[in-house]
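In: sequence first, predicted coordinates after that:
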Amino acid sequence: MSAQISELSGLDDLRELADLFSQVWGKSGEPPINAGILKALAHSGNYVSGVFADGRLIGGLVGWLGGTPPHDLHLHSHILGVLPDREAHGLGFELKQHQRRWCLARGVRVMEWTTDPLVRRNAYFNLMKLGAHSPRYLTDFYGQMRDGINAGDDSDRLLIRWQLDSERAEGAAAGRLAEPDVEKLRGWGSLPPLLASLCVSGPRTSSHCVIPIRHWRAIGESRCEQRWVEHWSAATKSQAQLVRAGWCCISHKIFDVLQVGDKAPDFKLPTTGGQELTLGDALQKYRALVFLFYVLDFTGG
């Protein structure tokens, strides 16, 4: 299949793109973004593109400039949709790379969007295929969802940030981004949920979405327990509701453990001399403490 990605500005093309989004999101005649808004975005210099195969529109991607220029300018990549057939396989990556090149040509070096934390393939695509990272967890970001895919679900989201000129982004674009050592990650025992969502059985190209239902040491468990449950794309509606309810309960505990201004909880860590030092002991011994979080420990970085 020969596919071609191009920017869209004509009203007929934009109406076709709105219809495609309506089909992908399962609400015929009710697109998540309509042709009028798409026209305004394209006219004002934002990113609106479509991908064609044999003259047929099979996918699209839309984003607009945001932040507080000139010091914080980024592109908010809002919606990406590709028809779910064999011909469209892999086009999501090509669309995101086209959007990346569009941004860099205009001096925009950061892109942001949100993703569902329960959908494993999205986490893998964003972090490992594109080389982005997730700086924040957003609770109930869009309110209750009403589209045909997510109807009735809460809308907790991960904020994804993509530094477009970073070494990781360039490596991903060239197909050189290294795969994670999954067995090593599993062996750590107490992983952030986002990393844990990548450590699952089954091929990464699978259409099944698998999520972690887990307890952290940070919320009182002595051991990290994992239970893998298939998400709604391969589960019954009742199972999906159970998964969502379980994640809602656990995620609020995980991500609300510490807030800015909270009193730090007491904890203990081994010293280089083989002893144990608690935070309380350290505060009595020293006037001030500085915590350094070395996130690349046990990695090749």
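Out: Structure received. Numbering: from 1, shown residues only.
In: following the lengthiest strand in the chain, which helix or strand comes up?
Out: Longest strand in the chain, counting residues (DSSP state E): strand 56-68. Moving toward the C-terminus from strand 56-68, the next helix or strand (DSSP states H and E) is strand 72-82.
In: next, the angle strand 72-82 makes with the next helix or strand after that next one.
Out: Proceeding N to C from strand 72-82, the next assigned helix or strand is helix 91-105, under DSSP H and E. Compare the direction of helix 91-105 with that of strand 72-82 by axes from the mean of the first three to the mean of the last three C-alpha atoms, to 10 degrees and you get 160 degrees.
In: which element follows helix 91-105 toward the C-terminus?
Out: Note on helix 91-105: by DSSP H and E, the next helix or strand toward the C-terminus is strand 110-115.
In: show the contacting residues for Phe141.
Out: Thr114, Ser155, Asp156, Arg157 (C-beta atoms under 8 Å, 6 or more residues apart in numbering). Every C-beta, even on glycine, is put in place using the N, C-alpha and C of the backbone.
In: so what's the residue count around Asp154?
Out: 19 (other C-beta atoms under 10 Å).
In: roughly how far apart are it and Gly26?
Out: For Asp154, the distance to Gly26 equals 18 Å [C-beta to C-beta, to the nearest Å].
In: about what we covered before: just the ones of the contacts of Phe141 in helices?
Out: Nothing among the contacts of Phe141 maps onto helices, per DSSP state H.
In: closest one to Leu283 out of those residues, please.
Out: Of all these, Leu283 sits closest to Asp156, with 34.5 Å by C-beta to C-beta.
In: how much space separates the residue nearest to the closest one when sequence neighbours are not counted from Leu158?
Out: Once flanking residues are discounted, Asp156 sits nearest to Thr139: 5.6 Å by C-beta to C-beta, 6 or more residues apart in numbering. With the distance defined as C-beta to C-beta, Thr139 ends up 11 Å from Leu158.
In: can you check Ser134 too?
Out: In terms of C-beta to C-beta, Ser134 sits 5 Å off from Leu158.
In: comparing those two, which shows the higher neighbour count?
Out: Leu158 (26 against 19).
In: tell me who's in contact with the more buried one.
Out: Neighbours of Leu158 in contact, by C-beta under 8 Å, 6+ apart: Thr114, Thr115, Asp116, Pro117, Ala123, Ser134, Arg136, Tyr137, Leu138, Leu194.
In: same question for Gly59.
Out: With C-beta under 8 Å, 6+ apart, Gly59 has these contacts: Leu20, Gly50, Val51, Leu80, Gly81, Val82, Leu83, Ala88, Leu91, Gly92, Leu95.
In: how about low-confidence regions in the stretch 151-300 of the chain?
Out: 151-153, 180-260, 292-300 (pLDDT under 70).
In: try 50
Out: Along the stretch 151-300 of the chain, segments meeting pLDDT under 50 span 190-236.
In: strands of the protein, start to end?
Out: Using DSSP E, strands in the chain cover 3-7, 47-53, 56-68, 72-82, 110-115, 133-138, 157-163, 210-215, 225-230, 268-270, 276-278.
In: now those as a markdown table including distance to Ala173?
Out: Below are these laid out as a markdown table (distance: least, C-beta to C-beta, whole Å):
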| stretch | distance to Ala173 |
| --- | --- |
| strand 3-7 | 14 |
| strand 47-53 | 17 |
| strand 56-68 | 16 |
| strand 72-82 | 15 |
| strand 110-115 | 13 |
| strand 133-138 | 16 |
| strand 157-163 | 11 |
| strand 210-215 | 27 |
| strand 225-230 | 31 |
| strand 268-270 | 39 |
| strand 276-278 | 44 |
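In: what's the closest of those to Ala169?
Out: strand 157-163 (6.1 Å).
In: list the strands paired with the closest one, with their directions.
Out: Its sheet considered, strand 157-163 pairs with strand 110-115 (antiparallel), strand 133-138 (antiparallel) by DSSP bridges.
In: among the ones you listed, which is the most enclosed?
Out: strand 110-115 (a mean of 20; mean count of other C-beta atoms under 10 Å).
In: Leu127 touches Arg120, doesn't it?
Out: No - contact criterion C-beta atoms under 8 Å: Leu127 and Arg120 do not qualify, at 10.9 Å.
In: quick one: which of the strands of the chain is nearest Leu289?
Out: Nearest of the strands of the chain (C-beta to C-beta): strand 276-278, 10.7 Å.
In: which residues are in contact with the closest one?
Out: Asp266, Phe267, Lys268, Leu269, Pro270, Thr271.
In: what does stretch 13-31 give?
Out: Contacts for stretch 13-31 (C-beta under 8 Å, 6+ apart): 8, 32-35, 38-39, 42, 48, 50, 57-60, 62, 79, 81-84, 147-149.
In: same thing with stretch 71-85?
Out: In contact with stretch 71-85 (C-beta under 8 Å, 6+ apart) are residues 20-21, 23-25, 32-33, 47, 51, 58-67, 88, 91-92, 95-96, 99, 103, 107-113.
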